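[1] curious how this folds, go ahead:
(one chain, ligands or ions: 1)
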Amino acid sequence: MGRKFFVGGNWKCNGTIEEVKKIVTTLNEAEVPSEDVVEVVVSPPFVFLPFVKSLLRSDFQVAAQNCWVRKGGAFTGEISAEMLVNLGVPWVILGHSERRALLNEANEFVGDKVAYALSQGLKVIACVGETLEQRESGSTVAVVAAQTKAIADKVSNWAHIVLAYEPVWAIGTGKVATPAQAQEVHFELRKWLHDNAGAEVAASTRIIYGGSVNGANCKELAAQPDVDGFLVGGASLKPEFIDIAKSATVKKNV
Ligand SMILES: O=C[C@H](O)COP(=O)(O)O
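    Next up, the predicted model:
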C-alpha cells in the first residue's frame, strides 16, 4: 500500500524572526529518517514563508496556513494560491478548525478552497474534526463525514490531498485523543473515502492526526493502522518535533 508517513508542523500565528531562525537551525541540524520514510512539512506564518523556505534543509518542505478561495485580485489582506505557487511553496493547510470557528469558514467554502488550491498545483492538508459537544452527542463520524463530503463534492483527484483529523477538543488543550479514539475516526474516514471516492483513494490517501501530539504520545498513535502521520501545533515549535518525525519508524510497511 505504501502510504508515506507525513509529519506537518503548524506554527500557527507564532514566532519572531529570531525564534524562527532558531527553529530552522534546530530542524536543519537534526537527524531524521530519510525522505523515503517520512515527509516533513513545516508551516510558518505567511510573512516568514520565503525566509524559512530559503534556509530550510532540502528534504523538508513548507506549507502556507491558508490561501484565498479563487484567483487573486481585489481581496485586501488575502494571499492567493497563485502567489504561493509563484514562490515555490508546495503545500497549503486548509479548513483548520481555528479558521472554521473564528473566521466562520463553512464546509462548502473549505471545499471550494481545496479545489481551487489543487487546480493551481498546490498540495493540500485538509483539516476536519468535531467539537467536544459534537463528540458528546455522538455525532463525530457524521460531522467529519460532512466536512470530507464538502471537499469530495468539489474534488475528483485525491492524489495531492492529505486529510488531517483534528478533534477540536484536543487542539492546544493537552487532551490528546487516545490511540483507540484516533484509530476509530481514521478508520471511519477511510471507510467513507472507500464508499464515496473509491478503493484506490481510500488505500492511498494519508489520514493524519492532530491535537496535542507530542514527543511522548506520538509513538503509540503512530502505531495505529490508519494513522499515517501527524499535524502538530505547539510541539512543532520545539525540538521534540524531531522526535515526532522519528515516530515514522514505528510503521512497518513504509
Ligand atoms: O494544526 C495543528 C493542530 O491544531 C494541533 O495543535 P496542537 O498540537 O497545539 O494541539
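
[2] isn't Ser236 up against Asn10?
    Yes. In this structure Ser236 lies within contact range of Asn10 using CB atoms under 8 Å: 6.2 Å. C-betas here are computed from N, CA, C, even on glycine.

[3] up against the ligand, what does the stretch 51-200 of the chain have?
    96, 166, 171-172 (CB under 6 Å from any ligand atom).

[4] if you set the cut-off to 5 Å instead, what comes out?
    By CB under 5 Å from any ligand atom, the residues of the stretch 51-200 of the chain that approach the ligand are 171-172.

[5] quick one: the helices in the stretch 51-200 of the chain?
    Counting by DSSP state H, counting those that start in this stretch, one finds helices in the stretch 51-200 of the chain at the ranges 81-86, 97-102, 107-119, 132-136, 140-152, 179-197, 199-204.

[6] please identify which of those is closest to Arg70.
    Minimum separation from Arg70 across the helices of the stretch 51-200 of the chain (CB to CB) falls at helix 107-119, 5.6 Å.

[7] could you check the angle that closest one makes with helix 140-152?
    Inter-element angle recorded for helix 107-119 and helix 140-152: 50 degrees (by axes from the mean of the first three to the mean of the last three CA atoms, to 10 degrees).

[8] which residues touch helix 107-119?
    Residues outside helix 107-119 that contact it (CB atoms under 8 Å, 6 or more residues apart in numbering): 67-71, 81, 92, 94-95, 100, 105, 124, 126, 146-147, 149-155, 157, 160-161.

[9] where does the residue of the stretch 151-254 of the chain found nearest the ligand land on pLDDT?
    At 2.2 Å from the ligand, Gly233 is the closest residue in the stretch 151-254 of the chain, using CB to the nearest ligand atom. You'll see Gly233 listed with a pLDDT of 98.

[10] neighbours around it, how many?
    Neighbours of Gly233 under the rule other CB atoms under 10 Å: 23.
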